[in-house]
Every structure is written in structure tokens, then in C-alpha cells.
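In: Attaching a predicted model along with its sequence, questions to come.
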Amino acid sequence: MGIQEAYTQLMYQLFELYDDRESANIADWTIEHITGFKRIDRITNKQFPLNILQEESLKTYTEQLLQHKPVQYILHEAWFAGIKFYVDENVLIPRPETEELVMWIVEETKKSKVKNQKVLDIGTGSGCIPIALKKKLPELDVHALDVSEDALNVAKKNAVTQNVDITFYKTNILDRDKWNSLPLFDIIVSNPPYIKQSEEKEMRDNVLLHEPHLALFVPDEDALLFYKTITELGLQHLNKDGQLFFEINEMLGNEVKDLLKQKGYSNIEIKKDMQGKDRMVKASFT
């Protein structure tokens, strides 16, 4: 089978699950992973044959893709902020909107007069937030925590691959007795679980069947659970003029803003993502 035929065959099968653009992107990514040929190389070498091992890989990957398994988990790679991360089903797949959160933190940090700031990422998953921050601002002292040992193993693997020094903690942030083990920080950031259980029925199978529910869902009756907890942690563990950054459920921006006001935070700002949805919040501890 020629490389272009393999690409076309896979793309047409993916049309059953995804729109044309997403199908083409997944097929491109998969064929490049199998063969090492980028799109331009494939176009100029359309008849280049796949070997037996490559054909077997294509067959296996196609079967998994048609079962709604995300391509990132199949290939064990996801791009975030220009960095290739290892991912598996113990961690969420990094999202573009989270990249926007990272860039916001970078912009605000560059404005600050405080040097060598100490940062904590809560619910780190793959480690995409702290690693991207450390790569972009090497002077930061970066810390990250997660309740899942398996997720932390993924994050540590990525930190080693990217050659960055991150301090990791296995901690359940909802267990307030564990807070005393944490130092003071200048920035606390979190992309916590924020999808209500009632929203589950609206989600696509590739997310619902494969991504860790522990990192996705909160009870409908306590949708702000993690925001309440982290804002209270900030009162104890943020330095004066420190900042909180959150990724949020687009429907809960005002609720998060009101919560921060009630807790005494100031300079609260809600920021929209590229899709025009309320997606990020920043607040100061004074």
C-alpha cells in the first residue's frame, strides 16, 4: 500500500466519526507518526510503500480510532504551547484554551516587579501548565500537585523529557490537613474539574469513554467545589500581591467572580478564549 493511499483510506473511515477537517488532521498525524513522512513529503512521494510493520500499525491504530479512542492516547503524544507531551488515559489531553491561560500568566509575570516567582499548579495532570511555564520563564520556581499517582508519573516523565526542574507533590487539595506541607507562592494556577455531571450527556464519546472522569466532573450541587477550596488555600499560601489564575466552565464565570469577591480578592478579571467563551479568571491577593 502506498503512503498516500493509506492516508486517504484512513481519512475516509474517520468521516464516520469526525468532520472533514478533523478527520484529515487525525489521518495526517497518524500517518506521520507511522512513517515519519510529513504532509509535504507524502505528497511528493505518493507511491512510497508502507512496510509490513507500518501496515500492521496502521491497522491497529485505525481499529482504535474507530472505537472513539483519541489519537493522542493512541500515539501517546499531544502538542501544547509548542511542546510535545507524552499522554495516556491517566491524564486529560491538553487543550488549546489552556494554552491561552498559560500565555496570560506569562504576560502578567513579565509585567511583575517580583523576580524568581514561585508558582503552584493544582491538578497538574500531564504537567502541561507547569512545564510550559518553566520553558517560557526559566527563572520561575515551579511546583505542581495532583491527587493521582498515575497522573504524576506522566507529569514527571514529561518534566524529565523536557529537562525542566519541577517540584511535584502527591496531594489531595480537598484535604486541608495537607496544606501545611506547602510553602508560600506568588502565583497559584489551576484547571480543576469543572464540568457538571449533568453535562455528561452532551459530551463526545472520545472524551467520555477515555479521558479520566476524576479530572473532568464535579457534582451539580457543588460545581464550584475546587474553586472554593483553592481560593481558601490562596488566602493561606499566596504572598502579598500574589495572583490566582483559573480555567473555568464558560457558564460559571460570574459565580467564580462572586466567590473571589466574597473571599476578599481584588482586581478580578474574566477573560474570554479564542471561541469567545468565558474561560479564564485572574484575581489578586492583597
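Out: Happy to help now that I have it.

In: Need the contact partners of the helix or strand containing A151.
Out: Remark: A151 resides in helix 149-161, with elements defined by DSSP states H and E. The set of residues that contact helix 149-161 without belonging to it, under Cβ atoms under 8 Å, 6 or more residues apart in numbering, is 85-88, 90-91, 124-128, 130-131, 144, 146, 165-166, 168, 170, 212, 215. Yep, even glycine has a C-beta here, placed from its N, CA and C like the rest.

In: Tell me how far the residue positioned nearest the centre of the chain lies from T60.
Out: For the chain, the residue nearest the mean C-alpha position is P94 (2.8 Å; Cα atoms, centre = their mean). Here P94 is placed at a distance of 24 Å from T60 (Cβ to Cβ, to the nearest Å).

In: Please apply the same query to A223.
Out: Here the distance between A223 and T60 works out to 39 Å (Cβ to Cβ).

In: Neighbour count: these two, which is higher?
Out: The residue with more neighbours, out of A223 and T60 and counting by other Cβ atoms under 10 Å, is A223; that gives 23 against 11.

In: so what's the residue lying closest to L182 once chain neighbours are set aside up against?
Out: Leaving aside its chain neighbours, L182 sits nearest to H237 (5.6 Å; criterion: Cβ to Cβ, 6 or more residues apart in numbering). The contact partners of H237, by Cβ under 8 Å, 6+ apart, come to L120, W179, L182, P183, L184, F185, I188.

In: Now that we have those, which of them are buried?
Out: L120, L182, F185, I188 (16 or more other Cβ atoms under 10 Å).

In: Just to check, the second one is in contact with D175?
Out: No: with contact defined as Cβ atoms under 8 Å, L182 does not count as touching D175 (11.7 Å).

In: which residue ranges form the helices in the stretch 101-250 of the chain?
Out: Under the criterion DSSP state H, counting those that start in this stretch, the stretch 101-250 of the chain contains helices at 128-136, 149-161, 205-208, 225-237.

In: contacting residues around the first one?
Out: By Cβ under 8 Å, 6+ apart, the residues outside helix 128-136 that reach it are 78, 80-81, 83, 85, 94, 98-99, 101-102, 105-106, 119, 121, 124, 140, 142-144, 155, 158-159, 162, 164-166, 189, 191.

In: What subset of those is buried?
Out: When burial is judged by neighbour count using 16+ other Cβ under 10 Å, the buried members of the contacts of helix 128-136 are 78, 80-81, 83, 85, 94, 98-99, 101-102, 105, 119, 121, 124, 140, 142-144, 155, 158-159, 162, 164, 166, 189, 191.

In: Among these, which ones are in strands?
Out: Among the buried ones among the contacts of helix 128-136, the members falling in strands (DSSP state E) are A78, F80, I83, F85, V119, D121, V142, H143, A144, I166, V189.

In: For the fifth one, give me its contacts.
Out: Counting by Cβ under 8 Å, 6+ apart, V119 makes contact with I105, P130, L133, L140, D141, V142, H143, F185, D186, I187, I188, V189.

In: surely the fifth one meets N116?
Out: Yes: between D141 and N116 a contact is recorded at 6.2 Å, counting by Cβ under 8 Å.

In: and the two? which has more neighbours close in?
Out: Here D141 and N116 are set side by side on neighbour count (other Cβ under 10 Å), and the busier one is D141, at 16 against 9.

In: where's that one relative to I248, distance?
Out: Plainly put, D141 is 26 Å away from I248 if you go by Cβ to Cβ.

In: For stretch 263-276, give me every contacting residue.
Out: Contacts made with stretch 263-276 from outside it, assessed by Cβ under 8 Å, 6+ apart, are listed as 96-97, 100, 104, 231-232, 234-235, 244, 248, 253-254, 256-257, 260-261, 278-286.
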